[in-house]
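K.L.:
Sequence isn't available, so here's the structure alone:
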(Lines give C-alpha, C1' and ligand atoms only; values in the text may rest on other atoms or scores of the structure.)
Protein backbone atom coordinates (compact mmCIF):
# COMPACT_ATOMS: atom_id res chain seq x y z
CA UNK A 1 0.00 0.00 0.00
CA UNK A 2 0.97 3.66 -0.26
CA UNK A 3 1.26 3.86 3.54
CA UNK A 4 3.70 0.92 3.64
CA UNK A 5 5.73 2.43 0.80
CA UNK A 6 5.89 5.75 2.67
CA UNK A 7 7.09 3.98 5.83
CA UNK A 8 9.78 2.09 3.88
CA UNK A 9 10.93 5.34 2.24
CA UNK A 10 11.06 7.05 5.65
CA UNK A 11 13.15 4.19 7.08
CA UNK A 12 15.55 4.30 4.12
CA UNK A 13 15.88 8.07 4.52
CA UNK A 14 16.52 7.67 8.26
CA UNK A 15 19.22 5.04 7.60
CA UNK A 16 20.89 7.28 5.01
CA UNK A 17 20.79 10.19 7.47
CA UNK A 18 22.26 8.00 10.24
CA UNK A 19 25.08 6.80 7.94
CA UNK A 20 25.84 10.37 6.90
CA UNK A 21 25.89 11.51 10.55
CA UNK A 22 28.19 8.60 11.51
CA UNK A 23 30.52 9.46 8.61
CA UNK A 24 30.66 13.12 9.57
CA UNK A 25 31.40 12.17 13.19
CA UNK A 26 34.24 9.86 12.08
CA UNK A 27 35.73 12.58 9.87
CA UNK A 28 35.61 15.10 12.74
CA UNK A 29 37.25 12.58 15.09
CA UNK A 30 40.09 11.95 12.62
CA UNK A 31 40.52 15.69 12.12
CA UNK A 32 40.75 16.15 15.89
CA UNK A 33 43.31 13.36 16.30
CA UNK A 34 45.48 13.93 13.22
CA UNK A 35 44.70 17.55 12.28
CA UNK A 36 43.22 16.52 8.93
CA UNK A 37 41.82 13.55 7.04
CA UNK A 38 42.69 12.59 3.46
CA UNK A 39 39.65 11.91 1.30
CA UNK A 40 38.85 11.49 -2.41
CA UNK A 41 36.85 14.30 -3.98
CA UNK A 42 33.98 11.83 -4.46
CA UNK A 43 33.59 11.58 -0.66
CA UNK A 44 33.30 15.31 0.01
CA UNK A 45 30.79 16.43 -2.61
CA UNK A 46 27.04 15.99 -3.04
CA UNK A 47 27.05 16.03 -6.83
CA UNK A 48 28.98 16.70 -10.03
CA UNK A 49 26.89 17.80 -13.00
CA UNK A 50 27.62 19.34 -16.40
CA UNK A 51 26.00 21.75 -18.82
CA UNK A 52 25.12 20.97 -22.43
CA UNK A 53 26.94 21.31 -25.72
CA UNK A 54 24.98 22.70 -28.71
CA UNK A 55 24.92 19.67 -31.03
CA UNK A 56 21.22 18.96 -31.60
CA UNK A 57 20.12 20.80 -28.47
CA UNK A 58 20.52 24.43 -29.55
CA UNK A 59 22.67 26.78 -31.62
CA UNK A 60 25.17 29.38 -30.46
CA UNK A 61 24.89 33.06 -31.30
CA UNK A 62 21.56 32.72 -33.12
CA UNK A 63 18.96 35.10 -31.70
CA UNK A 64 20.03 34.68 -28.07
CA UNK A 65 21.47 37.17 -25.58
CA UNK A 66 22.22 34.91 -22.60
CA UNK A 67 25.95 34.25 -21.96
CA UNK A 68 27.14 30.67 -22.56
CA UNK A 69 30.17 29.96 -20.38
CA UNK A 70 33.04 27.68 -21.44
CA UNK A 71 36.59 27.19 -20.16
CA UNK A 72 37.85 30.33 -21.93
CA UNK A 73 35.48 32.43 -19.77
CA UNK A 74 36.90 31.01 -16.51
CA UNK A 75 39.91 32.85 -15.10
CA UNK A 76 40.99 34.65 -11.91
CA UNK A 77 38.74 32.16 -10.05
CA UNK A 78 35.66 33.82 -11.58
CA UNK A 79 33.15 33.59 -14.40
CA UNK A 80 34.05 36.42 -16.78
CA UNK A 81 31.49 37.51 -19.37
CA UNK A 82 32.81 39.52 -22.31
CA UNK A 83 32.17 40.21 -25.99
CA UNK A 84 34.00 36.94 -26.75
CA UNK A 85 31.48 34.94 -24.72
CA UNK A 86 29.02 32.98 -26.85
CA UNK A 87 25.28 33.61 -26.50
CA UNK A 88 22.24 31.32 -26.25
CA UNK A 89 18.46 31.66 -26.01
CA UNK A 90 16.22 31.39 -22.93
CA UNK A 91 15.03 27.96 -24.15
CA UNK A 92 18.63 26.74 -24.34
CA UNK A 93 19.29 27.98 -20.80
CA UNK A 94 16.28 26.03 -19.51
CA UNK A 95 17.61 22.87 -21.15
CA UNK A 96 21.04 23.43 -19.60
CA UNK A 97 19.68 24.03 -16.11
CA UNK A 98 17.58 20.88 -16.16
CA UNK A 99 20.91 19.12 -16.21
CA UNK A 100 23.35 21.49 -14.47
CA UNK A 101 21.08 22.96 -11.75
CA UNK A 102 23.26 26.08 -11.52
CA UNK A 103 23.12 27.86 -8.14
CA UNK A 104 25.32 29.92 -5.80
CA UNK A 105 28.04 27.97 -4.01
CA UNK A 106 28.96 25.67 -6.88
CA UNK A 107 32.56 25.11 -7.95
CA UNK A 108 33.01 25.15 -11.73
CA UNK A 109 35.90 23.07 -13.10
CA UNK A 110 36.97 23.26 -16.75
CA UNK A 111 37.44 19.68 -17.97
CA UNK A 112 38.31 20.27 -21.61
CA UNK A 113 40.41 22.49 -23.87
CA UNK A 114 44.00 23.42 -24.62
CA UNK A 115 45.28 25.58 -21.78
CA UNK A 116 41.95 25.60 -19.94
CA UNK A 117 41.72 22.19 -18.22
CA UNK A 118 41.86 22.78 -14.47
CA UNK A 119 40.60 26.36 -14.50
CA UNK A 120 38.10 26.93 -11.70
CA UNK A 121 35.58 29.45 -10.43
CA UNK A 122 33.22 29.77 -7.49
CA UNK A 123 29.63 30.75 -8.32
CA UNK A 124 29.05 33.56 -5.81
CA UNK A 125 25.81 34.83 -7.35
CA UNK A 126 23.41 33.27 -9.82
CA UNK A 127 20.15 34.72 -11.13
CA UNK A 128 19.43 32.27 -13.95
CA UNK A 129 21.34 34.64 -16.21
CA UNK A 130 23.96 32.37 -17.89
CA UNK A 131 24.48 28.75 -18.85
CA UNK A 132 27.46 26.41 -19.05
CA UNK A 133 28.81 24.00 -21.62
CA UNK A 134 29.22 20.26 -21.16
CA UNK A 135 32.95 20.87 -20.70
CA UNK A 136 32.38 22.52 -17.31
CA UNK A 137 31.85 20.36 -14.24
CA UNK A 138 29.45 21.96 -11.74
CA UNK A 139 30.47 20.59 -8.34
CA UNK A 140 28.32 20.91 -5.21
CA UNK A 141 30.53 20.47 -2.15
CA UNK A 142 29.31 18.88 1.08
CA UNK A 143 29.74 22.04 3.14
CA UNK A 144 29.51 20.12 6.41
CA UNK A 145 32.94 18.74 5.44
CA UNK A 146 34.58 21.14 2.99
CA UNK A 147 34.24 24.78 1.92
CA UNK A 148 33.87 25.20 -1.88
CA UNK A 149 36.72 27.75 -1.85
CA UNK A 150 38.99 25.37 0.06
CA UNK A 151 38.21 22.56 -2.38
CA UNK A 152 39.13 24.89 -5.24
CA UNK A 153 42.47 25.85 -3.69
CA UNK A 154 43.28 22.22 -2.91
CA UNK A 155 42.63 21.25 -6.54
CA UNK A 156 45.03 24.02 -7.57
CA UNK A 157 47.73 22.60 -5.30
CA UNK A 158 50.78 20.77 -6.64
CA UNK A 159 49.69 17.59 -4.83
CA UNK A 160 46.30 17.50 -6.58
CA UNK A 161 47.73 18.45 -9.96
CA UNK A 162 50.28 15.66 -9.68
CA UNK A 163 47.32 13.29 -9.37
CA UNK A 164 45.06 14.51 -12.16
CA UNK A 165 47.31 16.15 -14.75
CA UNK A 166 48.83 12.81 -15.91
CA UNK A 167 45.24 11.61 -16.54
CA UNK A 168 44.41 14.44 -18.98
CA UNK A 169 44.01 12.95 -22.46
CA UNK A 170 46.76 13.93 -24.88
CA UNK A 171 44.56 14.15 -28.00
CA UNK A 172 43.82 17.21 -30.11
CA UNK A 173 41.39 18.39 -27.41
CA UNK A 174 42.75 17.70 -23.89
CA UNK A 175 40.12 16.32 -21.50
CA UNK A 176 39.91 15.14 -17.88
CA UNK A 177 37.29 12.46 -17.19
CA UNK A 178 34.87 12.81 -14.29
CA UNK A 179 36.19 9.64 -12.60
CA UNK A 180 39.78 10.92 -12.69
CA UNK A 181 38.77 14.13 -10.92
CA UNK A 182 36.63 12.32 -8.34
CA UNK A 183 39.54 10.01 -7.48
CA UNK A 184 41.86 12.89 -6.53
CA UNK A 185 42.65 12.67 -2.79
CA UNK A 186 43.03 15.87 -0.80
CA UNK A 187 43.78 16.72 2.82
CA UNK A 188 40.71 18.06 4.62
CA UNK A 189 41.33 19.87 7.93
CA UNK A 190 38.58 21.26 10.17
CA UNK A 191 36.23 23.89 8.75
CA UNK A 192 37.81 26.43 11.11
CA UNK A 193 41.27 25.71 9.69
CA UNK A 194 39.90 25.73 6.15
CA UNK A 195 38.42 29.18 6.72
CA UNK A 196 41.74 30.51 8.01
CA UNK A 197 43.61 29.15 4.96
CA UNK A 198 41.02 30.46 2.50
CA UNK A 199 41.26 33.95 4.04
CA UNK A 200 45.04 34.02 3.56
CA UNK A 201 44.87 32.69 -0.01
CA UNK A 202 42.13 35.16 -0.98
CA UNK A 203 44.41 37.96 0.20
CA UNK A 204 47.26 36.62 -1.95
CA UNK A 205 44.83 36.24 -4.87
CA UNK A 206 43.90 39.89 -4.57
CA UNK A 207 47.55 40.95 -4.56
CA UNK A 208 48.32 38.90 -7.68
CA UNK A 209 45.17 39.52 -9.71
CA UNK A 210 44.90 43.25 -9.01
CA UNK A 211 48.32 44.01 -10.44
CA UNK A 212 47.57 46.47 -13.23
CA UNK A 213 51.05 47.94 -13.43
CA UNK A 214 54.59 46.67 -13.05
CA UNK A 215 57.16 44.82 -15.08
CA UNK A 216 56.26 41.33 -16.34
CA UNK A 217 59.22 39.91 -14.40
CA UNK A 218 57.85 41.40 -11.16
CA UNK A 219 54.40 39.99 -11.83
CA UNK A 220 55.83 36.55 -12.62
CA UNK A 221 57.96 36.62 -9.46
CA UNK A 222 54.90 37.56 -7.36
CA UNK A 223 52.90 34.72 -8.94
CA UNK A 224 55.66 32.18 -8.20
CA UNK A 225 55.87 33.45 -4.62
CA UNK A 226 52.10 33.06 -4.28
CA UNK A 227 52.20 29.48 -5.63
CA UNK A 228 55.04 28.60 -3.24
CA UNK A 229 53.15 29.85 -0.16
CA UNK A 230 49.87 28.36 -1.40
CA UNK A 231 51.42 24.89 -1.60
CA UNK A 232 53.03 25.37 1.82
CA UNK A 233 49.64 26.29 3.32
CA UNK A 234 47.97 23.33 1.65
CA UNK A 235 50.54 20.76 2.82
CA UNK A 236 49.50 19.12 6.08
CA UNK A 237 51.39 17.10 8.66
CA UNK A 238 49.81 14.88 11.27
CA UNK A 239 49.58 16.43 14.72
CA UNK A 240 52.63 15.50 16.77
CA UNK A 241 54.52 14.30 13.70
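P.N.:
Looks like it arrived, so ask away. Note that the structure is predicted; figures quoted are calculated from it, not measured. Numbers count the residues shown, from 1 in each chain.
K.L.:
does the residue nearest to the spatial centre of the chain have beta-bridge partners, and which?
P.N.:
By Cα atoms, centre = their mean, the chain has its centre lying nearest to residue 107, at 3.2 Å. Note on residue 107: beta-bridge partners by DSSP bridges are residue 122, residue 139.
K.L.:
how near is it to residue 62?
P.N.:
30 Å (Cβ to Cβ, to the nearest Å). Quick note: C-beta positions are derived from backbone N, CA and C, even for glycine.
K.L.:
Repeat that for residue 55.
P.N.:
For residue 55, the distance to residue 62 equals 14 Å [Cβ to Cβ].
K.L.:
Pick out whichever of those two has more residues nearby.
P.N.:
For residue 55 and residue 62, the more surrounded residue by other Cβ atoms under 10 Å is residue 62, and the numbers stand at 11 against 8.
K.L.:
Kindly state the pLDDT recorded for the more buried one?
P.N.:
Here the pLDDT value assigned to residue 62 is 92.
K.L.:
returning to that earlier point: how much space separates the residue nearest to the centre of the chain from residue 205?
P.N.:
15 Å.
K.L.:
And for residue 110?
P.N.:
Counting by Cβ to Cβ, the gap from residue 110 to residue 205 is 18 Å.
K.L.:
More neighbours: these two, which one.
P.N.:
residue 110 (25 against 16).
K.L.:
So the more buried one sits against residue 116, correct?
P.N.:
Yes - the pair residue 110 and residue 116 qualifies as a contact (Cβ atoms under 8 Å) at a distance of 4.7 Å.
K.L.:
Now do the shared contacts for those two.
P.N.:
70, 71, 74 (Cβ atoms under 8 Å, 6 or more residues apart in numbering).
K.L.:
Look at the second one and say how many residues are nearby.
P.N.:
This points to residue 71. Counted with other Cβ under 10 Å, residues neighbouring residue 71 total 22.
K.L.:
pLDDT wise, what is it at?
P.N.:
Listed pLDDT for residue 71 reads 96.
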